[in-house]
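Student: With the input below, show me the fold.
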Amino acid sequence: MTRKEQHEKRRREILIVALDLFIHKGYDATKIQDIAQAANMSVGLLFHYFESKEKLYEELVIRGKTGPQTYFSTLKEESLDFFRTAVKGIIQFIKTEPFVAKMFVLMKQAYCNNAPPESVKELLIENESITLSVEKIKQGQKDGTIKEGDPVALANLFWGAFQGIVEHFTLSIHDIPIPDSECIVDILRRRE
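Tutor: Reported below is the predicted structural model:
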């Protein structure tokens, strides 16, 4: 393993422990010392990888925004099929990658956080996933696959419900099953 690969591996390990701390303790209550201790390193060494708690948090939020955007950009489906494919793929990710599931929780908290760093507030201003979803909903309303209604409200309903499902799955001490993707997509499906 090269030095650069080792550096990136260690950064990822730090992000994983910081993510756990941020979602369980919150941004304000998580101290840089907590992160260093959880990562089995000194605070000084941690600063070698991230210059501050704010920059570490910002990196997580950037990943939380760019991950879905990158994934959605690979989907070629239109209308209801877009949502079907997106949900199936995300469910697969959250079942196999705990980091991805936890990112849903972190992003929800980031939007609700009263004191995120200014750089994070700027990142959270626009929600590209909703914007893209609104366009797909409009297409589905035109082709008759998605129910009538305000596209922004429907996008909010769909992703809000899905967010809640993922949060319950991620934070549950019980084994709460994730509904079948078709059941989730039914939120948008036009009925005859």
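Student: what's the distance between the nearest residue to Arg10 once chain neighbours are set aside and Gln6?
Tutor: Nearest non-adjacent residue to Arg10, counting by CB to CB, 6 or more residues apart in numbering: Tyr49, 6.3 Å away. In short, each C-beta sits where N, CA and C put it, glycine included. According to CB to CB, to the nearest Å, Tyr49 stands 11 Å off from Gln6.
Student: Show me what the lowest-mean-pLDDT helix or strand in the chain is packed up against.
Tutor: Of all the helices and strands that make up the chain, helix 118-123 has the lowest average by mean pLDDT, DSSP states H and E, namely a mean of 80. Counting contacts by 3 or more CB pairs under 8 Å, 6 or more residues apart in numbering; DSSP states H and E, helix 118-123 is packed against helix 53-74.
Student: how about the helix it packs on as CSV, C-alpha atoms only?
Tutor: In CSV, the C-alpha atoms belonging to helix 53-74 read as follows (Å, rounded to 0.1, in the frame of the first residue of the first chain):
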residue,chain,number,x,y,z
LYS,A,53,-13.8,19.5,13.5
GLU,A,54,-15.6,21.9,11.2
LYS,A,55,-13.7,20.7,8.2
LEU,A,56,-14.3,17.1,9.1
TYR,A,57,-18.0,17.7,9.4
GLU,A,58,-18.0,19.7,6.2
GLU,A,59,-16.3,16.7,4.4
LEU,A,60,-19.1,14.4,5.7
VAL,A,61,-21.8,16.8,4.5
ILE,A,62,-20.1,17.1,1.1
ARG,A,63,-20.1,13.3,0.8
GLY,A,64,-23.7,13.3,1.9
LYS,A,65,-24.7,15.7,-0.9
THR,A,66,-22.5,14.5,-3.7
GLY,A,67,-23.1,10.7,-3.1
PRO,A,68,-26.8,10.9,-4.1
GLN,A,69,-26.1,13.4,-6.9
THR,A,70,-23.5,11.1,-8.4
TYR,A,71,-25.8,8.1,-8.0
PHE,A,72,-28.8,9.9,-9.5
SER,A,73,-26.8,11.1,-12.5
THR,A,74,-26.1,7.5,-13.5
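Student: please renumber so the chain begins at 379
Tutor: With the count now opening at 379, the last piece we talked about shows up as helix 431-452.
Student: buried set for it?
Tutor: By 16 or more other CB atoms under 10 Å, the buried positions in helix 431-452 come out as 431-432, 434-439, 441-443, 445-446, 450.
Student: what residues does it touch?
Tutor: 392-393, 396-397, 400, 405, 408-410, 413, 428, 464, 467-468, 478, 481, 484-485, 488, 494-495, 497-498, 501-502, 506-507, 510 (CB atoms under 8 Å, 6 or more residues apart in numbering).
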